[in-house]
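Enquirer: I would like to see how this sequence folds:
(6 chains)
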6 protein chains.
Amino acid sequence: MMTRRTIEEFQAQRVAGNEKIFAQDHLGIKRFMRLDGATYEDGALPAKSKEMLGLVASMVLRCNDCVDYHLEQCVEASYTREEIVDGMNVALVVGGSIVIPHLRHAMFTLDDLLADTKG
Amino acid sequence: MMTRRTIEEFQAQRVAGNEKIFAQDHLGIKRFMRLDGATYEDGALPAKSKEMLGLVASMVLRCNDCVDYHLEQCVEASYTREEIVDGMNVALVVGGSIVIPHLRHAMFTLDDLLADTKG
Amino acid sequence: MMTRRTIEEFQAQRVAGNEKIFAQDHLGIKRFMRLDGATYEDGALPAKSKEMLGLVASMVLRCNDCVDYHLEQCVEASYTREEIVDGMNVALVVGGSIVIPHLRHAMFTLDDLLADTKG
Amino acid sequence: MMTRRTIEEFQAQRVAGNEKIFAQDHLGIKRFMRLDGATYEDGALPAKSKEMLGLVASMVLRCNDCVDYHLEQCVEASYTREEIVDGMNVALVVGGSIVIPHLRHAMFTLDDLLADTKG
Amino acid sequence: MMTRRTIEEFQAQRVAGNEKIFAQDHLGIKRFMRLDGATYEDGALPAKSKEMLGLVASMVLRCNDCVDYHLEQCVEASYTREEIVDGMNVALVVGGSIVIPHLRHAMFTLDDLLADTKG
Amino acid sequence: MMTRRTIEEFQAQRVAGNEKIFAQDHLGIKRFMRLDGATYEDGALPAKSKEMLGLVASMVLRCNDCVDYHLEQCVEASYTREEIVDGMNVALVVGGSIVIPHLRHAMFTLDDLLADTKG
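Expert: Now for the predicted structure:
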């Protein structure tokens, strides 16, 4: 049977992929990557709020890798499960039933992440 | 070699994922899920017509899980292979060549489903 | 005040724009345009069913010009208002609240079109 | 010269369009509209946080009508200009330069809205 | 009758909107805007090639403002009408019939731009 | 551990899927497939330029199968790694951070492809 990608596998793939991106040594791409990182730091809105914005944007744009990354950041920023689910509900209503498969995906990731934080 | 996800695996993942979604006990999400289910029941348009609408919407929005689900429903609603392929042609022309990988995916699912119905 | 584009204005712009497209005399584009036209002719599915597929695909992809065109074709194919609205409900649930502005747009077009057919 | 749609014109069009939607008396659509409204009420996340989620989702999905609506709600929920701009920066980085025209649109709306609240 | 937005009107709106964006003085947004500008300068690929990439990306993402901007840049980079149309054909086939309204829009802009360069 | 799909596996799946598509013997679909192939032949723009357009369109529309296919064609058309990366930078800036997972994917494919051409 085809096995589900775990959050650890995603994290390893993400690190390996980002290393390859930086290894191209393209100035524009490196600047974009740094700009992306800086976007979620404290500003007029606190970093915590912006992580949730990143999660909802990722859900409506239907990108599982982005959803997994922002779920991880949201858990780290100490959002509760209930708050994360309430945020994902906004994404579901804005984005429609086409978002449901990504919501299912997020459920497995969230269980993995919250099991980790309890351990 | 990486193996293709079968329709049975998709169905099992879908059921498990939906159970996790309902287990969050979020009122808005539960309402959306019920609303989604009710959308494809007989109304001014018959249920059968709406399943094909769901399939074409899923193809142009390029969601393989949604395509698999609606293909299953279309086969169950007794559309023939020729009718399903003709509907997917509308999705291909509206959505363009970016839809082709999803059409390939749909071809494997359709063969699985029609093999089942013949068995 | 900014006035709403009427269906007649859209039709005139559409004809003028298509003439310009064909005037480029690009073989690939001309073939695509003909292929697009042929898509909605009777096949394994009847033409009437495919017009509704075109409408729903246009709604979830959120293209008002495409919505107006397919609404016109659906009215001409003698769908009732209730059937058209029921089809658009599928688009709304699949595509989410982001589809609502296009549903509002469609409502004005539909009123224009049905007023025409009654005249 | 073509004039910009003002926020008042959008609000009038929105009310008129929503009235037409409800006038169709389609149970599924009416339920969706109510579900949409309930999404932004206080829950595990406060209503104020969810308005900002709605704005960012609308920006990355590139829907000016949705952007205008959520900007209005964000101003009403007493977000400052700086906070709204910081939220829109998340949308810009997630969604890319294709979001810039919608950011330009939002700037005019935001000026209109903040001029109103100062009056 | 509703009049078409001319390329001059778009250019004026674009300049005014960009001024408003910069006036917010948000570091992340200003960096993104500069990064965007730098993207189309000579690199491993010549600037001219990248303008055509920008046009095709804008067409498949269906953003008329972006299409108008890149059409202007492509004309300035001395692409011929035939080359621009051939590039847009790629966008049409990749993106499907949903791109047609944007192709119609582009035709009017292209005529405006090429009339200007001949003057 | 879940293993990455190699370019050879993708190529085999693509061939098998396309065979299934043609086996349906649907005239419209067969015409579309041929039209798609003809799009990337020499025209007003050379075939080589159009392969890069196909790659960038695939990146901003976020279709990994399409990215893999066009990367293969770009390498075959003798683009250098630096040129391909510079083209993908346009896609990244136009499409935003949501494109990053596809850029990571492309990096692995590109390494596979360039290792092949060196062998």
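Enquirer: Give me every residue in chain A lying close to chain B.
Expert: Taking CB under 8 Å from any CB of the partner chain as the test, the list of chain A residues beside chain B reads A:1-2, A:4, A:62, A:81-82, A:85-86, A:88-89, A:92-93, A:97-98, A:100-101, A:103-105, A:107-108, A:111. C-betas here are computed from N, CA, C, even on glycine.
Enquirer: what's the longest helix anywhere in chain A packed up against?
Expert: With residue count as the measure and DSSP state H as the assignment, chain A has helix A:100-118 as its longest helix. For helix A:100-118, the contact count by 3 or more CB pairs under 8 Å, 6 or more residues apart in numbering or on different chains; DSSP states H and E identifies helix A:7-23, helix A:47-60, helix A:64-76, helix A:81-95, helix B:7-23, helix B:27-39, helix B:64-76 as packing neighbours.
Enquirer: Which one of these lies nearest to residue F:24?
Expert: helix B:64-76 (13.7 Å; CB to CB).
Enquirer: need the helices and strands packed on helix A:100-118 in TSV with distance to residue D:40, mean neighbour count and mean pLDDT, can you?
Expert: Output for the helices and strands packed on helix A:100-118, formatted as TSV (distance: least, CB to CB, whole Å; neighbours: other CB atoms under 10 Å in any protein chain shown; pLDDT from 0 to 100):
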stretch	distance to residue D:40	mean neighbour count	mean pLDDT
helix A:7-23	30	15	95
helix A:47-60	12	25	98
helix A:64-76	19	21	98
helix A:81-95	8	25	98
helix B:7-23	20	15	95
helix B:27-39	10	18	98
helix B:64-76	26	21	98
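Enquirer: Reformat those helices as TSV; add distance to chain F.
Expert: Converted to TSV, the helices and strands packed on helix A:100-118 look like this (distance: least, CB to the nearest CB, whole Å):
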stretch	distance to chain F
helix A:7-23	3
helix A:47-60	7
helix A:64-76	4
helix A:81-95	13
helix B:7-23	14
helix B:27-39	23
helix B:64-76	11
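Enquirer: Make a markdown table from these and add distance to residue E:40 to it.
Expert: Rendered in a markdown table, the data for those read as follows (distance: least, CB to CB, whole Å):
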| stretch | distance to residue E:40 |
| --- | --- |
| helix A:7-23 | 20 |
| helix A:47-60 | 25 |
| helix A:64-76 | 26 |
| helix A:81-95 | 31 |
| helix B:7-23 | 42 |
| helix B:27-39 | 42 |
| helix B:64-76 | 34 |
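Enquirer: And those: which comes nearest chain E?
Expert: Comparing these by their distance to chain E (CB to the nearest CB), the top pick is helix A:47-60, with 10.4 Å.
Enquirer: The closest one and chain E, any residue contact?
Expert: No: in this structure, helix A:47-60 remains apart from chain E according to CB under 8 Å from any CB; the gap is never smaller than 10.4 Å.
Enquirer: Tell me which other helices or strands that helix touches.
Expert: On a contact count with 3+ CB pairs under 8 Å, 6+ apart, helix A:47-60 meets helix A:64-76, helix A:81-95, helix A:100-118, helix D:47-60, helix D:81-95.
Enquirer: the inter-axis angle of it versus helix A:64-76?
Expert: 150 degrees (axes from the mean of the first three to the mean of the last three CA atoms, to 10 degrees).
Enquirer: what's the span of stretch A:19-29 from first residue to last?
Expert: According to CA to CA, to the nearest Å, stretch A:19-29 extends 12 Å from its N-terminal end residue to its C-terminal end residue.
Enquirer: mind checking how far it is from the chain centre?
Expert: 21 Å (CA atoms, centre = their mean, to the nearest Å).
Enquirer: residues in contact with it?
Expert: Residues outside stretch A:19-29 that contact it (CB atoms under 8 Å, 6 or more residues apart in numbering or on different chains): A:30, A:33, E:35, E:38-39, E:43, F:81-82, F:85-86, F:88-89, F:92-93, F:100, F:103-104, F:107-108, F:111.
Enquirer: try 7 Å this time
Expert: Residues outside stretch A:19-29 that contact it (CB atoms under 7 Å, 6 or more residues apart in numbering or on different chains) are A:30, A:33, E:35, E:38-39, F:85-86, F:89, F:92-93, F:103-104, F:107-108.
Enquirer: How about stretch A:58-73?
Expert: Applying CB under 7 Å, 6+ apart, the set of residues contacting stretch A:58-73 from outside is A:7, A:10, A:14, A:51, A:54-55, A:88, A:91, A:94-95, A:98-99, A:102, A:105-106, A:109-110, A:113, D:57, D:60-61, F:98, F:101.
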